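Asks: Let me see the structure of the following:
(2 chains)
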Amino acid sequence: MAVTVAPAADRVTPPRVDPPRPVRTRHFVRLKLRLMGNNLRGQAWRISLFVLGVCCGLWYAVTGFVLFALPALADEPAWALPMAGIGGGLLVLGWLLLPLVFFGVDESLDPARFALLPLSRRTLVTGLFAAALVGTPAVATLVATAGLVVTAGALGGWSAALVAACGVVVGLFVCVAVSRAVTSAFATMLRSRRVRDLAAVLLALLAALLGPAQIAVINAAGRVDLDAARTVARIVGWTPLGAPYTAGVDAAEGRAWAAAVKLLIGAVTLGALLWWWSRSLESAMVGAASGGPAGGRSVPGGAVAQLFPRLLSWISRDRYGALVAREARYWWRDARRRSNLISIAVIGVFVPVMVNVGSRGMVDGGDFDASPTVLSGSMLFVGTLAALTLANQFGFDGSAYAANMIAGVPGRVELRARAVAFSLYTVPLLLAVSVVMVFFLREPAWFGVAVGSLLASYGVGLAVNMYLSILGAYALPETSNPFAINTGAGIARSLLGFVAILATAVLGVPVVVATALLGDLWLWLALPVGAAYGTGAALLGAYLAGDVLDRRMPELLLTVTPRR
Amino acid sequence: MNRSAPAALALRGLVKRFDTKVAVSGLNLDVPVGSFYGLLGPNGAGKTTTLSMAVGLLRPDSGSAWVLGHDVWASPLQAKQLLGVMPDGVRLFDRLTGPELLAYHGLLRGMDPAVVDQRARELLDVLALADAGRTLVVDYSAGMKKKIALACALLHSPRLLVLDEPFEAVDPVSAALIREILQRYVGNGGTVIFSSHVLEVVERLCTHVAILAGGIIQRAGTLDEVRGDRSLEEVFVEVVGGRTATGEELAWL
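Replies: Got it, this is the predicted structure:
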């Protein structure tokens, strides 16, 4: 429009545009709170899950607070540094690893949803960061680490307490920033589906190894002395992991310069993390790229021959066979399912080895000998765990389960086919576990007990989890971020799992009791009886739960369909 | 319902509530055999809810659905045999390749493996999906996913085809192909009911139209009965109660 001469300007008034009001951090925080509130609205079970989550957080917060404050409470000033350095370092490590491996990130403020809004990167990052601070884990961490302020205050007075308080706040910021930056960077790296699937599997492996690592650490902790702990804590204290948390102790022990430098380390780390996050945020906002149609090679053989894996060529080419073949392919092709299989493999070998072999040599007090009963008990655990994978078997499918409903698949056929397909992977695995165990214990005669207990508990577990998968199903999110879970689903998952484990254990205990009571005779009977017990339980389970499934199909579909 | 020849799809008094919101409130509809039926409605009118209840995916709070004389909720097996369904917003088993998915659906329907092979090959050729080879359905484009879903619904040659938004996110070439296949299917005696909010497609294809708004059928009948001497768009906007002209409000545009 001409600016100099505008004779028509008095007739056509250009629309008045108000300058946009700046978006502030508190808008993001309010949005997060509103989302949390709406998520709870009108659903009693969501509210109870939320309360349960808060209680868990509170429990950890109080425990942590006591631990961190212990050097002051118990008047052991020498332990202040190890507690702050090692404890704080573990805390940051937890924030780094746990979201990747276990819990996922609460993506209620998904960066992708802000892609179209005219927000500067700075506004977005500070806003999302502030919103990430709102939540049970962050509050629990803050409360727990507040114990450090007590310790510092008791040892060095008000000034040290103030420094420790600064350190605690900086530490919390580092924790939250590291979890966000790392998950965001991973999600960006994993943009193609293939890479993402692979990473999910690797992370599952890592997760499965966490258990062994934990036990190793606890074993080491039993032998540790104060000097070694102080040395470790001193080193960790100068890394970004422990720097903010040990600043208070340094101030209390009179090294003001060290405290200042450590706070600076924390602040610089925080800045670097936020910068890193803001870089990966941009690509996360664009969303996952679809790889596009890949190989254009046509495949020999008809459609039906392609559906059935070569190892399944013996199965009948009908409805049941199609279900088994599809499930067998899914256990391999679906990253979520495959990572579950890997977890079973690692835990299934590791736990019994620890319990049986460990009870002989690794743990102090060699008077506790491995026996068939201990073996049977640990096998009960492995079988239970393997079957537990099916606890949300329909949740893996999500809304795709509608196809089976439309085709009118009877519940019994459905459940039997799913159990068989899963067993194609697990039964060889369980047999391998038995062989490994017998080999480790050098007791070939116990092979029957191992396999019998495994098959019995696995079969009983299948039956229990068939019911659970129908009555306690929940939706898994359909998202490009493999680490995202629905808010509250983590707690629901562990609760249901606990119920299933308990029920399976109760039903599987007769096998252990028989091992303890029947003596040598059982060494021969265990295999056939255990296998028959397990198979019978699984078949009966499919028969009975199949009826439940027939009645509840629409309701099941509704619960496994993710809400959008 | 006509005693001598049952309707291909008959819905009687269907009601569905979600929490407090009534999605469908007492819906009646008859889809005659051999008709090409368009179910029109604005977003949120209850189209998907209605069709889900009609095919047995969503349990109605009350009312019944009949497919060629079989009650979908009382005797689901007979009714589902006659049905081909393409739901919207529902995932396929997308970690399978196109041919694997078709084989799965065919065998699930109890078809003979040889017939499945032959029909799958023809469908993949006609729908131009044969080139996809080993590509998993999850990596297909949106249009390809619609086409493979349609192939799954057609594979067992059902007597009634229920399609939810078959033309959404489909490019013009694929849309033309889908139209042609559906017209041929109706020409051979099949019945199609599909939901849409694209009036042009409905006006061009359908013999019958129903307009759904606020959870009940507002108008239903043959295309000519419903639109009279006006355009379908005028009737639709009038029935749905939208506004046709903007007044002073958007002056800043």
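Asks: from memory A:Leu119 sits against A:Val23, does it?
Replies: Yes. Between A:Leu119 and A:Val23 there is a contact at 6.1 Å, judged by C-beta atoms under 8 Å. All C-beta spots, glycine's among them, are computed from the backbone N, C-alpha and C.
Asks: which residues do the two both contact?
Replies: Jointly contacting A:Leu119 and A:Val23 under the rule C-beta atoms under 8 Å, 6 or more residues apart in numbering or on different chains are A:Gly127.
Asks: By mean pLDDT, point me to the weakest helix or strand of chain A.
Replies: Using mean pLDDT, DSSP states H and E, the weakest-scoring helix or strand in chain A turns out to be helix A:358-360, at a mean of 52.
Asks: Assign a three-state SS to the closest residue in space to A:Gly64 that isn't next to it in sequence, would you?
Replies: Using C-beta to C-beta, 6 or more residues apart in numbering or on different chains and skipping the chain neighbours, the partner closest in space to A:Gly64 is A:Ala144 (2.6 Å). Put simply, A:Ala144 is helix when judged by DSSP: H, G, I helix; E, B strand; the rest coil.
Asks: Mind listing what's buried along the host helix or strand of A:Ser280?
Replies: Counting by DSSP states H and E, the element that carries A:Ser280 is helix A:256-286. Residues of helix A:256-286 classed as buried by neighbour count (16 or more other C-beta atoms under 10 Å in any protein chain shown): A:258-259, A:262-263, A:265-267, A:269-270, A:273-274, A:276-281, A:283-285.
Asks: contacting residues for A:Thr504?
Replies: With C-beta under 8 Å, 6+ apart, A:Thr504 has these contacts: A:383-384, A:387-388, A:457, A:460-461, A:464-465.
Asks: Generate a markdown table for the residues you listed, with secondary structure, distance to A:Val451 and neighbour count as supplementary columns.
Replies: Below are the contacts of A:Thr504 laid out as a markdown table (DSSP: H, G, I helix; E, B strand; the rest coil; distance: C-beta to C-beta, whole Å; neighbours: other C-beta atoms under 10 Å in any protein chain shown):
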| residue | secondary structure | distance to A:Val451 | neighbour count |
| --- | --- | --- | --- |
| A:Gly383 | helix | 10 | 30 |
| A:Thr384 | helix | 15 | 24 |
| A:Ala387 | helix | 15 | 31 |
| A:Leu388 | helix | 19 | 22 |
| A:Ser457 | helix | 11 | 33 |
| A:Val460 | helix | 15 | 30 |
| A:Gly461 | helix | 15 | 32 |
| A:Val464 | helix | 20 | 29 |
| A:Asn465 | helix | 21 | 29 |
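Asks: so does stretch A:317-325 get close to chain B?
Replies: Yes. Using C-beta under 8 Å from any C-beta of the partner chain, stretch A:317-325 reaches chain B at A:317-319, A:321-323, A:325.
Asks: wait, isn't the residue nearest to A:Gly64 in contact with A:Gly57?
Replies: No. Contact status for A:Ala144 versus A:Gly57: not in contact, 9.6 Å apart, counting by C-beta under 8 Å.
Asks: just the residues of the stretch 301-450 of chain A that are near chain B, which are they?
Replies: Checking the stretch 301-450 of chain A against chain B by C-beta under 8 Å from any C-beta, the hits are A:302-307, A:317-319, A:321-323, A:325-326, A:329-330, A:333-334, A:397-400, A:402-409.
Asks: Just the buried ones from these?
Replies: A:302-307, A:317, A:319, A:321-323, A:325-326, A:329-330, A:334, A:397-400, A:402-409.
Asks: higher neighbour count, A:Ala144 and A:Gly57?
Replies: Taking other C-beta atoms under 10 Å in any protein chain shown, A:Ala144 and A:Gly57 do not tie; A:Ala144 has more neighbours (24 against 19).
Asks: Could I get the full set of strands for the stretch 101-250 of chain B?
Replies: Secondary structure of the stretch 101-250 of chain B by DSSP state E, counting those that start in this stretch: the strands cover B:160-164, B:191-196, B:208-213, B:216-222.
Asks: Identify the neighbouring strands of the shortest one in the sheet and state each direction.
Replies: On the basis of DSSP bridges, the sheet neighbours of strand B:160-164 come out as strand B:83-86 (parallel), strand B:191-196 (parallel).
Asks: Would you mind giving those strands as JSON lines with mean pLDDT added?
Replies: Below are the strands paired with strand B:160-164 laid out as JSON lines (pLDDT from 0 to 100):
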{"stretch": "strand B:83-86", "mean pLDDT": "94"}
{"stretch": "strand B:191-196", "mean pLDDT": "94"}
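Asks: still on that earlier bit, output the contacting helices and strands for the helix or strand following the helix holding A:Ser280.
Replies: Following helix A:256-286 in sequence order, the next helix or strand is helix A:303-307 (DSSP H and E). Packing contacts for helix A:303-307, counted by 3 or more C-beta pairs under 8 Å, 6 or more residues apart in numbering or on different chains; DSSP states H and E, involve helix A:319-333, helix B:98-108, helix B:113-126.
Asks: contact partners of helix A:303-307?
Replies: Counting by C-beta under 8 Å, 6+ apart, A:299, A:317, A:322, A:325-326, A:329, B:96-97, B:99-100, B:102-104, B:106-107, B:113, B:116-117, B:120-121 sit against helix A:303-307.
Asks: Can you pull up the most central residue in chain B?
Replies: Note on chain B: the residue nearest the mean C-alpha position is B:Leu163, at 1.9 Å, using C-alpha atoms, centre = their mean.
Asks: Kindly state the beta-bridge partners for that residue.
Replies: Counting by DSSP bridges, B:Leu163 forms beta bridges with B:Met86, B:Phe194.
Asks: quick one: it from chain A, how far?
Replies: 12 Å (C-beta to the nearest C-beta, to the nearest Å).
Asks: For that residue, give me its contacts.
Replies: B:85-86, B:150, B:153, B:192-195.
Asks: Check what pLDDT residue 1 gets.
Replies: Just so you know, I chose chain A. With respect to pLDDT, A:Met1 scores 40.
Asks: that's the other chain; I wanted chain B
Replies: 45.
Asks: Test my guess that A:Val134 contacts A:Arg34.
Replies: No. With contact defined as C-beta under 8 Å, A:Val134 does not reach A:Arg34; the gap is 10.9 Å.
Asks: Enumerate the positions of stretch A:116-126 that are buried.
Replies: Under 16+ other C-beta under 10 Å, the buried positions of stretch A:116-126 are A:123-126.
Asks: Alright, calling it a day.
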